[in-house]
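# Next come a sequence and a model predicted from it.
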Amino acid sequence: MIFTFFLIDKPDSAALRTELRPVHKAYLAQVADRIAFAGPLTHDDGHTMLGSLLAIDFASRDQAHAWLAQEPFTQAGLYARTEVQAFVNLWPQKAGFAPAAD
């Protein structure tokens, strides 16, 4: 089942996010074959970080929460709020959405 992770950063945490980004990306790479989508949430300017939105396939809610508990941003206390919800994709993926440049 796909679980969405709605993760909102604490205020003034941009430096911590930047510092841990390589470790965070490496952790995501461990489940790359199960990621439906993943990326940052931004303010309306499209650049100022707000948090993260992930959709990852896990066998159970317990496994999703266990994965999140070990996630580097979680471990470092970056998030002010986290929410994990089951997700059913009823709309076909749109082709042509290229990943954003790093």
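All right, it came through fine. If you're wondering where the values come from, they're calculated on a predicted model, not measured in any experiment.
# Would you map the helices across the chain?
14-29, 61-70, 72-75 (DSSP state H).
# how about the ones you listed in a markdown table, adding mean neighbour count, mean pLDDT and distance to residue 47?
Backbone N, C-alpha and C define where each C-beta goes, glycine included. Shown next, in a markdown table, are the helices of the chain (neighbours: other CB atoms under 10 Å; pLDDT from 0 to 100; distance: least, CB to CB, whole Å):
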| stretch | mean neighbour count | mean pLDDT | distance to residue 47 |
| --- | --- | --- | --- |
| helix 14-29 | 14 | 96 | 11 |
| helix 61-70 | 14 | 98 | 25 |
| helix 72-75 | 18 | 97 | 18 |
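# mind checking which of those helices is nearest residue 8?
helix 72-75 (11.0 Å; CB to CB).
# what's in contact with the closest one?
7, 17, 20, 23, 24, 27, 52, 68, 79, 82 (CB atoms under 8 Å, 6 or more residues apart in numbering).
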